[in-house]
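[1] Model the following, please.
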Amino acid sequence: MNFSALFTVLRLSVPMGLLALAPGCMPSALAENSFSGAVADTYGSHPDYSSPPLLQEQKDLTLRDAALLALQRNPELAAFEKEKRALKGATLQAGLLPNPELSMNVENIGNVQPLTGDINSQKSVAQEVVQQMSTIRIYQLIELGGKRAARVAAASLGEELAARDYEIRRVELIARVANVFTEVLAGQEQLRLAEESQDLAQRVVNSVAKRVQAGKVPPIEETRVGVALSTTRIALVQAQRELESARKRLALLWGNASPKFGRALGDLESSVTLPRFEELVERALASPMALRSMKNIEQRKALLDVEQTKRIPNLTVQAGAVHHAALGGTTPVAAVIVPLPLFDRNQGNILQARQRVDKAVDEQAATELRLKTELTQAYEALSAAMNEISMLRDEILPGATSAFEVTTRGYELGRFGFLEMLDTQRTLFQNRVLYVRALANYQRLVNEIERLIAGPVSGAPGAAAFNNGSKGTASRSDHE
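    Reported below is the predicted structural model:
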């Protein structure tokens, strides 16, 4: 399984990426079982909210199919997608003009009798003062100081932040899928090794039984070798249980509590070409996590602009008419209302917004430091894992296999003792398990680096450094 090419294939099947961070994507032929190829292609695409047909669990599952299933069905990722779309409404709302207001006022209700007699008399004057008056006014708030434009800019940056969060969750989800998929592959290999170990142990039991029947060794040796065979049976049951657990964890990533796929297809012995550390740092600082922290600073500055525009008071204009019921006349009225910023000039909110800009700057520095720290740890651990694999593959496993074959054959011929044979058997079994664990750890470290840089570790797969395993070592899984 080539984990450094999986990102490449996801664009065609799940076109939801938002950045183009990896222009040199892998060929599709190399992307079938690769983690980073899928993420690279994810970031080479553009938003497309059309829903592709839902995938179904296949009889045999590749890493690409597992990643696509998770991207389509994972509820946590779907929640981030909904939030991203919801903020489009916030941007739309920020750009709308305030609605006008209509006011209707009636005073002295019911006093609508017309004036009679001498209109200059005291009675007529009193009747005119208390006559019914109906007033209709329309108010319109006019925002000054660029408030609406500032709100739209801040809302747009909030929408971009949500898009960055969605990108980060997508990469993290693919990384989780790749790690659990690695566990499934390692579980399959551990199960195969446990079955082989049981067969080898049975072969030893048969060999010892023949010598006991021939009277060449005491019967106690057959009992002791039977204990070793029972130990391999326990290891086989444990390997079956661990594999089933890994399969369930993988299926749960796309919401299925009962795995329906058959085997996981991939190659634990695939490798990548490790570039210079400085190059990886540069790519990590261009990843969605780093870009999100920079975009957060922009949004905080935009929110500061919004608060600063609020220092300028808005203008409210009104126009209307007053109807005098008794006189039968209508009088137009107009007014302009301007608040006087004598006390409240939005000082507190401006101070708060300024401090949050400074906080965003500190958070960006902390994010970059965290990325560099995690990348340094993963890079050093990956180098150590490569050395461990090389030693196990080139020195330890060939020697352990040869020693087991020689001592087993020599024991049958009476040249080696029983304890020597059991010791070489135990050494071979233990180092086979260590080799599979080292391979799985290597793939997890590659996944971690590619999660941090949101792309493939190298522009091309490695020179299959782990594909030259000696006889008796962990073999590669079946390919499609």
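
[2] and residue 411, how far is that from residue 203?
    According to Cβ to Cβ, to the nearest Å, residue 411 and residue 203 sit 11 Å apart. For every residue, glycine as well, the C-beta is placed using N, CA and C.

[3] so which helix or strand takes in residue 104?
    strand 101-107 (DSSP states H and E).

[4] So in that sheet, which strands flank that strand, and in what orientation?
    strand 133-142 (antiparallel) (DSSP bridges).

[5] Give me the buried stretch members for the partner strand, please.
    133-134, 136-137, 139 (16 or more other Cβ atoms under 10 Å).

[6] Now the helix or strand following that strand: average pLDDT?
    Sequence order places helix 147-213 as the next helix or strand after strand 133-142, per DSSP H and E. Mean pLDDT, helix 147-213: 89.

[7] same check, this time on stretch 395-406
    Mean per-residue pLDDT for stretch 395-406: 89.

[8] Determine how far that stretch lies from the middle of the whole chain.
    43 Å (Cα atoms, centre = their mean, to the nearest Å).

[9] List the buried residues of it.
    So stretch 395-406, judged by 16+ other Cβ under 10 Å, has buried residues 396-398, 400-401, 403-404.

[10] Show me the helices in this structure, by range?
    Using DSSP state H, the helices of the chain run over residues 10-13, 35-42, 63-73, 75-94, 122-129, 147-213, 220-252, 277-284, 288-309, 347-391, 397-412, 418-453.

[11] circling back: which residues belonging to the strand holding residue 104 are considered buried?
    For strand 101-107, it's none, nothing buried (16+ other Cβ under 10 Å).

[12] Alpha carbons of that strand, as PDB, please.
    C-alpha atoms of strand 101-107 as PDB (Å, rounded to 0.1, in the frame of the first residue of the first chain):
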ATOM      1  CA  GLU A 101     -40.400  52.100   9.800                       C
ATOM      2  CA  LEU A 102     -43.900  53.200   9.600                       C
ATOM      3  CA  SER A 103     -45.500  55.100  12.500                       C
ATOM      4  CA  MET A 104     -49.300  56.000  12.800                       C
ATOM      5  CA  ASN A 105     -50.400  58.200  15.700                       C
ATOM      6  CA  VAL A 106     -54.000  59.400  16.500                       C
ATOM      7  CA  GLU A 107     -54.600  62.000  19.200                       C
END
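
[13] which residues are contacting that strand?
    Residues from elsewhere that reach strand 101-107 (Cβ atoms under 8 Å, 6 or more residues apart in numbering): 132-140, 320.

[14] Then stretch 407-416?
    Outside stretch 407-416, the residues that reach it (Cβ under 8 Å, 6+ apart) are 203-204, 207-208, 210-211, 216, 417-418, 420-421, 424-425.

[15] Same check on stretch 348-366?
    Stretch 348-366 is contacted from outside by 290, 293-294, 296-297, 299-301, 303-304, 306-308, 310-311, using Cβ under 8 Å, 6+ apart.

[16] Check stretch 185-196 too.
    Outside stretch 185-196, the residues within contact range by Cβ under 8 Å, 6+ apart are 1, 232, 235-236, 238-240, 242-243, 246-247, 263-264, 266, 268, 429, 432-433, 436-437, 439-440, 474-475, 477.

[17] Quick one: buried ones out of the residues you listed?
    1, 232, 235-236, 239, 242-243, 246-247, 264, 266, 268, 429, 432-433, 436-437, 439-440, 474, 477.

[18] pLDDT below threshold where in this protein?
    The model of the chain has pLDDT under 70 over residues 1-58, 108, 110-130, 217, 325-328, 459-480.

[19] hmm, 80 instead?
    1-59, 107-133, 204-205, 207-208, 210-225, 228, 323-329, 408, 411-422, 458-480 (pLDDT under 80).

[20] just how off-centre is the strand holding residue 104 within its chain?
    For strand 101-107 - counting by Cα atoms, centre = their mean - the centre lies 55 Å from the chain centre.

[21] what does stretch 415-432 give?
    Taking Cα atoms, centre = their mean, the mean C-alpha location of stretch 415-432 is offset from the chain mean by 46 Å.

[22] Go through it and flag the buried ones.
    416, 418, 420-422, 424-429, 431-432.

[23] try stretch 74-93
    74, 77, 80-81, 84, 87, 91.

[24] what's in contact with that stretch?
    Residues contacting stretch 74-93 (Cβ under 8 Å, 6+ apart): 16, 49, 70-71, 152, 155-156, 158-159, 162-163, 165-166, 169-170, 173, 253-255.

[25] Right, I'll leave it there.
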